[in-house]
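> let me see the structure of the following:
(chains A, B, C and D)
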Number of protein chains: 4
Amino acid sequence: MNKEIDLSKYQIRTDLAIDYVEEKKVLKGVKHKTNIIDNITITNVELEEKNALNKKKGKYITLEFEDVTDIDNREKVINVLTKELRKILKLNKDSFGLIVGLGNDKSTPDSLGPLVVNDIIVTNHLYLLNELSNNYKRLAAINPGVMGETGIETSDIIESIVKKIKPSFLIVIDSLASKSIERLNKTIQITDTGIHPGSGIGNKRKEISFETLGIPVIAIGVPTVVDATVIVSDTINFIYKNYAFNKEYMNNPKSKLTFNNINYLKKETKENKRDKQELLGLIGTLEDEELQLLLYEVLDPIGYNLMVTPKEIDFVIQKLSDVISNSINNSIHDIDKK
Amino acid sequence: MNKEIDLSKYQIRTDLAIDYVEEKKVLKGVKHKTNIIDNITITNVELEEKNALNKKKGKYITLEFEDVTDIDNREKVINVLTKELRKILKLNKDSFGLIVGLGNDKSTPDSLGPLVVNDIIVTNHLYLLNELSNNYKRLAAINPGVMGETGIETSDIIESIVKKIKPSFLIVIDSLASKSIERLNKTIQITDTGIHPGSGIGNKRKEISFETLGIPVIAIGVPTVVDATVIVSDTINFIYKNYAFNKEYMNNPKSKLTFNNINYLKKETKENKRDKQELLGLIGTLEDEELQLLLYEVLDPIGYNLMVTPKEIDFVIQKLSDVISNSINNSIHDIDKK
Amino acid sequence: MNKEIDLSKYQIRTDLAIDYVEEKKVLKGVKHKTNIIDNITITNVELEEKNALNKKKGKYITLEFEDVTDIDNREKVINVLTKELRKILKLNKDSFGLIVGLGNDKSTPDSLGPLVVNDIIVTNHLYLLNELSNNYKRLAAINPGVMGETGIETSDIIESIVKKIKPSFLIVIDSLASKSIERLNKTIQITDTGIHPGSGIGNKRKEISFETLGIPVIAIGVPTVVDATVIVSDTINFIYKNYAFNKEYMNNPKSKLTFNNINYLKKETKENKRDKQELLGLIGTLEDEELQLLLYEVLDPIGYNLMVTPKEIDFVIQKLSDVISNSINNSIHDIDKK
Amino acid sequence: MNKEIDLSKYQIRTDLAIDYVEEKKVLKGVKHKTNIIDNITITNVELEEKNALNKKKGKYITLEFEDVTDIDNREKVINVLTKELRKILKLNKDSFGLIVGLGNDKSTPDSLGPLVVNDIIVTNHLYLLNELSNNYKRLAAINPGVMGETGIETSDIIESIVKKIKPSFLIVIDSLASKSIERLNKTIQITDTGIHPGSGIGNKRKEISFETLGIPVIAIGVPTVVDATVIVSDTINFIYKNYAFNKEYMNNPKSKLTFNNINYLKKETKENKRDKQELLGLIGTLEDEELQLLLYEVLDPIGYNLMVTPKEIDFVIQKLSDVISNSINNSIHDIDKK
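Residues are numbered from 1 along each chain as shown, chains lettered A, B, ... in the order given. Predicted coordinates:
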C-alpha cells in the first residue's frame, strides 16, 4: 500500500478539543477536569503555551448532553450554558458585545450561526439613543454570510465592522465538523481562543481571535456534520468491535441471558491484533490516523463533496439555535429568570 | 379643522422621482424624456443643482411595465434594465462592484434587496486567487441586515466594508414605499444619487451616496408597499372620480353601449369644485398634500403601523428579484445572450 | 351618487361575531356575556335559531388580548385558550381529532393554519400500532392547501379524508379578514359552527361544518388582514372623530393640561350630523354599511387586490401560531403543566 | 463472523431498476436498451411478469445526466424528460391528472416532491368553471405530507382524494435513496409501476399503484441521499480499486506520464481475490450484498439515523425541482416551446 501520503493535503476536520483528550492520560501542558450537572457533562480543558495537543493556548469548555429536542432537557442545557458563558465572559456594566453568526443560512447543517443571530436581543441602536434600560447591556449582531456568496473573506467583514463600532468583546457561533458521530448535535464547545483556519464546515479561512482583532473572542461551536471519511473509519472500527464482542459473548452461555445488540459498543473488548488483521487485512493494521488519511486519498480524487447528517437535522438545528440564542441573551442581559 | 400641522413630523414616503413629474409642465431644473420599448415606458429625469422638485441633483431612470409574473414580459424588462444599467454604470475592465441588498429578509415586501443579492454572481474571491475568467468582472455582494436586527446603522456596515475592500462602484437595491397604488411592483427606479434619509420602508437612516462613500452609488428601487395613508387618500380621490364619471357618462345615452366599469379612472373628467365639496365636504377642498398630512395626523397617534400590499406579494417579489439579479449579472459580467 | 349598488356582489368580509355585537343593545336570539381574566377579554356569544345577526346558530367565543409577542402575555393567552377549548371540545377517552390548517403557507398573513398544523403533536399512527401512551389522545392533522395551488376544493379534500379516517371531531384553523383594524392579530374566535362560504382570506368556498361532515367542527380564527376598503372607511370615521374631539377639547382650556393625541379615539364624542356633513359632504351622511359598499364599488373595478397588514406580520404570525398549537396540544393531550 | 443474519430485517434501500441491470448480461424477463441524447443517457428497462430482478412487471426509464445546476444542461434534461413523459403518459383530450408530491418539505433531501408540486400549473378548478383554454389539460396537485407529521398513512390520503375527484392518471414525485453515490442527484427514474413499500426516504409504506388505485400511476424519482451503509461499502470497494490501480499502474514506468489520481475508478482493474483478502481480510471475501448486510448489523443497533448528501443539496434540489415541474407542465399542457 502506498503509505507516502502527503499529510498536509488532508485536514483532519475537527475542532473539538475534547476529541483529543484521552481520559486517563496525563498530557504535557494539558489540564482538564470534568463535572456532571443535570446529566450534562462539562469538561474544562486548559491548554498551556506548549501543549501536547498542539492546539492554541486557552480554555476549551465542552458540554455533552442528550437530545435537545426534549424541552426539559433543553432548559437544563440553557441553564448550564448560561452559567458557563457568564464565567468566561466576565462582563461589567460597560461591556459591549458583537455576536457573529458564521455559516450559510441556505445549507441546513451550516445554518446554526445565522439562526442564533436572528434571535439575539440587540440593543446597540437603543444605547446610542440613550434609550437602553438598566438590565440590558449594549449588544449588536451580524450575519456576515459565506465567502462563496459574498466574494469577501468573512474575517475581513468582521474586522471592518469591529473597527467601526468598537465592541469590547466578540462571540462567534459556528457549525463544526466532528471526528465523532456520537457527538453530532450533542456537544457544545466554548473557547476563548476564537476561530482558526480550517475549522468549521465552510470556507472561513482567516483566524478570528484576540490576536487578529484585539478584543476577546469567544467561539461557540456545535458539531453538526461529520465528514464522509469519518463515518467510514468509525464503521470499520465498529466492524471489528462487533466481531470481537460476538466472539467473546456469543459463545459464552451466560451471555444468552443478557445479550442485547445495542450494547456491543459499550462493552470493553480487548483488541486482539491477530483477530483484527484476519478480519480486516492490512486495513486492520493501520492506526486511526493512517486509516483516515487513506480514506481521504481514496475519496478525495473522486470529488465526493459529501456530508453525513442525522435525518432530523432541520428540526434539531432549530432547537440548538434556541439553546444558544437563549443562553447568550440570558448571560449578557439580566433576563434569566433563575 | 386644525390646519396647523407640523409638517416636519410627517415624512411623505416616496422616493420615486416620477411621482413628482407632471407630464405637461416645464419645471425649473428638471429635464425629462420618455421612451417606450416593448411596452415598457422608460422615463429619464435629469435634475439640475437647484430644481423645482427639491430633490438631489442627478439622473433618475424609471421603468414602468406590466406584470412581471409573465415570463415573456419578464424577459423584456430584463433586456431593458440590463441596457439602462450598462449606460449608467459605464464600466471598464478594472471596475470592481459591491452589490448591497437593503431590507429585511424576514418581511416579505422588504425582502427584495436580500433576495437579489442571493442571486448575484460574485467573483471577488476568485479574482484575488487569479482565477477569474475574462468575461467576468470583479464583484462582491452583501446583505447588511436592518438596524432592528443588527443594532448597527446599515450605512456604518456598508461604509466599513467599502473602506476595507475598496470597490470602484456600489449598487444598492431597496424596497421603496410609493405614493401611488398603481406603481406597486410595476416600476423600477435607477438613480445615480444613492439612498437618502427617510427613503424606503425600514430604518435605513443615513445617506449612502457618492458624497458619503467617495465612489459612484447606483440605487435600484421598486415600490412594494404603500403607506396606509396613501390608499385612503387615493380612494377619496377615486370616490370623486367615480362620482364625476357616473354623473357625466351614465346619463349620456351613448355611454350605455360603451360603459365599462374598469375605465372610470382612465377617462378624463373635469374637476368641479362645487361637486367635490358637495360630495366630500371640507375634505373635498383639501389639496392632495394637505389631505395626506391630515391622514397622518389622524392615523399616527393610534399607532397603526400598517402597510398595504397586493395579496400575491410573496410570488411577485420573487419575480422582481429575478428581474433585477439577472439584469445586474448581465450588465456587469459578459453573460447576456443577446 | 349612484346608490343602486347590487349588494350581493360585495361580500362584507368579516367572520367575527363580536363585530356584530353592540355592547348595550339587547338583540333578538343573541345572548352574550363578557369575562376578563389576566387582561384577556372573553366574550361568549350564543346565537339561537333565528337571530338578529342573521348568522348561524351556535357558540362564538372571542378572546381579545394585547400583543402576543410578549412571552408572559403569550402564556396567559395559552392558558385561557386551553381552558376554552376544553370546554367546547368536551372530549372523552375515545375522542379522535383531525386538525386542519386552512390557508396558503406561501402568503404570510394567510399562513396561520399551516403553521399551527406543523406544531400539532399527532398520534394517530401510533394509536394504530397500539403504541399510544395514556396521556395522549388519538390525533391527526393535515394542511389541505388552497384551491389556487391544488385545483381542488379544500372542502372536498377534507371531506374525503374524514370519510376515510373517521375522526370524531374536527378543529379547523384559519386566518380571517376583519372589519376592524383594532382587532388585527389581537383576537381569537372559537366557534362550534364551523367555516362558512366567504369567510376567511382565500378561496375556501364550501361550508365545513357538522351539517356537511356529520361530526362536530370547531373553527379557530384570527383576523390577520383587513380589506383595503376597511381601512378607508375606518379612517373616514376617524377623521370625523378627530375633528369632533379637537372641536370639543381643544377649545376647552382644561384640555391643554390633559391633552394627549393618542386618546382621541377613546373619548366619547357625540356625533353631530351637521358637523359631519360639513366635514365629509354626502359621504358623511352614509351609514357604515353604505360607505363600505361604495368603497367596494370604487375599488373593485380597478382590480386592486390589496390587503392591509401590520408591518411586523411575519413575526406576529409565528407567535400566534405558537399560542394556538400549544393550546390545542394542551387541551387535547394531558400535557398542560398547570 | 456471524453470517446468520436475518436478511428480512434489512431492507436494501434502492428503488432504481438501473442499479440491478448488468450491462452485458442477458437476464430472464429483462429487456433493456440504451440511448444517448445531448449527453443524457436514457435507459429503458422492461420487466416481464417473472423477471430475474424480482421487481414488479413494468417499464423503468432512467435518465442519467450531469450537473443540472448548469442552465444549458438543465434545459436539455427538461427536453428529454418532457418527451419521455409524453410517451409514457399517452394523454388524450379528456385526460385528468393528479400530481402528488411525496416527502417532507422540512427535510431538504426529502423535499423534492413538495417543491415540484408547488410549481405545477393546476387547472381543475378552472375546468369545473368551464374556464379552461384549449391548450391546457385538466390538472390537480397535492402535497399529502408525511405520516410523522399527519398521523395518517400517505396512501390513505391519496386514495381518498382519488376516490373523490376521480382523476384518469396519477404522477407521484418522490426523493429516493440510492445504492450508488455516483447517481446522487444525477438520475431521474420514471416508471409505470408506481410506488412500493420500502421505497424512498421516509415512511411511505403502502403501495401507490394501478393495482391499489385503479388508474395508471407514473412515479418519478430522484436519488437524493444514500444510506450511511452505502458510503461505507462503496468506500471499502474503492479502497481495493485504488490499491489495485496503484499496484498495476504506479510501478509501470509509462504511468508516470499519464498518472492522474482522478482516474483510478475509471480504469478497468481485474479483481485479484488473494490481493483483496490480503488488503481487507475476511471483509474482502464478502459479496457486495453480504457486506451491506454486515454493515446494517453493525450500524443499526447503534441507532445511527444518518444520511449522506452532497454539501450543496439545498441548491441542487431546487434545480431538480425546476427540471421536473417544467417537464410535467410541458408534457401535459401544450406550453412547450420546442
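
> from chain C, how far off is residue A:319?
Separation of residue A:319 from chain C (CB to the nearest CB, to the nearest Å): 13 Å. Just so you know, the C-beta spots here come from the backbone N, C-alpha and C atoms, and that holds for glycine as well.

> what sits against that residue?
Residues in contact with residue A:319 (CB atoms under 8 Å, 6 or more residues apart in numbering or on different chains) are A:68, A:69, A:74.

> where's the closest residue to the second one other than its chain neighbours, which helix or strand?
Across the structure, with CB to CB, 6 or more residues apart in numbering or on different chains as the measure, the residue nearest residue A:69 apart from its sequence neighbours is residue A:319 (5.3 Å). Taking DSSP states H and E as the definition, one finds residue A:319 inside helix A:313-332.

> how far off centre is that helix?
Helix A:313-332 has its C-alpha centroid displaced from the chain centroid by 14 Å (CA atoms, centre = their mean, to the nearest Å).

> now do the closest residue in space to residue A:124 that isn't next to it in sequence against residue A:77, distance only.
In space, and not counting its chain neighbours, residue A:124 is closest to residue B:151: 3.4 Å by CB to CB, 6+ apart. The gap separating residue B:151 from residue A:77 is 26 Å, by CB to CB, to the nearest Å.

> with residue A:52 instead?
Following CB to CB, the distance that separates residue A:52 from residue A:77 is 30 Å.

> of those two, who's got more company?
residue A:77 (26 against 15; other CB atoms under 10 Å in any protein chain shown).

> contact partners for residue A:138?
A:95, A:96, A:97, A:123, A:124, A:127, A:132.

> got the buried residues for stretch A:127-138?
For stretch A:127-138, burial by neighbour count (16 or more other CB atoms under 10 Å in any protein chain shown) applies to A:127, A:132, A:136, A:137, A:138.

> tell me where the stretch 51-200 of chain A has strands.
Secondary structure of the stretch 51-200 of chain A (DSSP state E, counting those that start in this stretch): strands located at A:58-64, A:96-101, A:138-142, A:169-178, A:187-191.

> residue B:214 is nearest to which of these?
strand A:138-142 (23.3 Å; CB to CB).

> the closest one: how far from the chain's middle?
How far strand A:138-142 lies from its chain's middle: 23 Å, per CA atoms, centre = their mean.

> now swap in stretch A:89-106 and tell me
Worked out by CA atoms, centre = their mean, stretch A:89-106 lies 17 Å from the chain centre.

> hmm, that stretch in reach of chain C?
No - Stretch A:89-106 does not reach chain C (CB under 8 Å from any CB of the partner chain); its nearest approach is 15.6 Å.

> coming back round to it: just send the strands of the stretch 51-200 of chain A back as TSV, with mean pLDDT and distance to residue B:308 too.
Shown next, in TSV, are the strands of the stretch 51-200 of chain A (pLDDT from 0 to 100; distance: least, CB to CB, whole Å):
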stretch	mean pLDDT	distance to residue B:308
strand A:58-64	94	48
strand A:96-101	98	33
strand A:138-142	98	31
strand A:169-178	92	37
strand A:187-191	96	44
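
> I'd like those strands as CSV, with distance to residue A:238 appended.
What follows is the strands of the stretch 51-200 of chain A, written out as CSV (distance: least, CB to CB, whole Å):
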stretch, distance to residue A:238
strand A:58-64, 20
strand A:96-101, 35
strand A:138-142, 41
strand A:169-178, 16
strand A:187-191, 20
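
> surely residue A:308 touches residue A:232?
No - at 9.6 Å, residue A:308 and residue A:232 do not qualify as touching, with contact defined as CB atoms under 8 Å.

> what sits in contact with each of these two?
Shared contacts of residue A:308 and residue A:232 (CB under 8 Å, 6+ apart): residue D:231.

> if you go through the stretch 101-250 of chain A in chain order, where are the helices?
A:112-118, A:124-128, A:147-150, A:154-165, A:210-213, A:228-245 (DSSP state H, counting those that start in this stretch).

> ok, of these, where does mean pLDDT dip lowest?
Among the helices of the stretch 101-250 of chain A, helix A:228-245 carries the lowest mean pLDDT, at a mean of 79.

> now do it: which elements does it pack against?
Where contact means 3 or more CB pairs under 8 Å, 6 or more residues apart in numbering or on different chains; DSSP states H and E, helix A:228-245 is packed against helix A:273-280, helix A:288-299, strand A:306-310, helix D:228-245, helix D:288-299, strand D:306-310.

> now these as a markdown table including distance to residue B:176?
Output for the helices and strands packed on helix A:228-245, formatted as a markdown table (distance: least, CB to CB, whole Å):
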| stretch | distance to residue B:176 |
| --- | --- |
| helix A:273-280 | 66 |
| helix A:288-299 | 50 |
| strand A:306-310 | 40 |
| helix D:228-245 | 50 |
| helix D:288-299 | 55 |
| strand D:306-310 | 39 |
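
> can you redo those as JSON lines with distance to residue B:177 and mean neighbour count?
Shown next, in JSON lines, are these (distance: least, CB to CB, whole Å; neighbours: other CB atoms under 10 Å in any protein chain shown):
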{"stretch": "helix A:273-280", "distance to residue B:177": "68", "mean neighbour count": "16"}
{"stretch": "helix A:288-299", "distance to residue B:177": "53", "mean neighbour count": "20"}
{"stretch": "strand A:306-310", "distance to residue B:177": "42", "mean neighbour count": "23"}
{"stretch": "helix D:228-245", "distance to residue B:177": "51", "mean neighbour count": "23"}
{"stretch": "helix D:288-299", "distance to residue B:177": "57", "mean neighbour count": "20"}
{"stretch": "strand D:306-310", "distance to residue B:177": "42", "mean neighbour count": "23"}
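
> alright, calling it a day.
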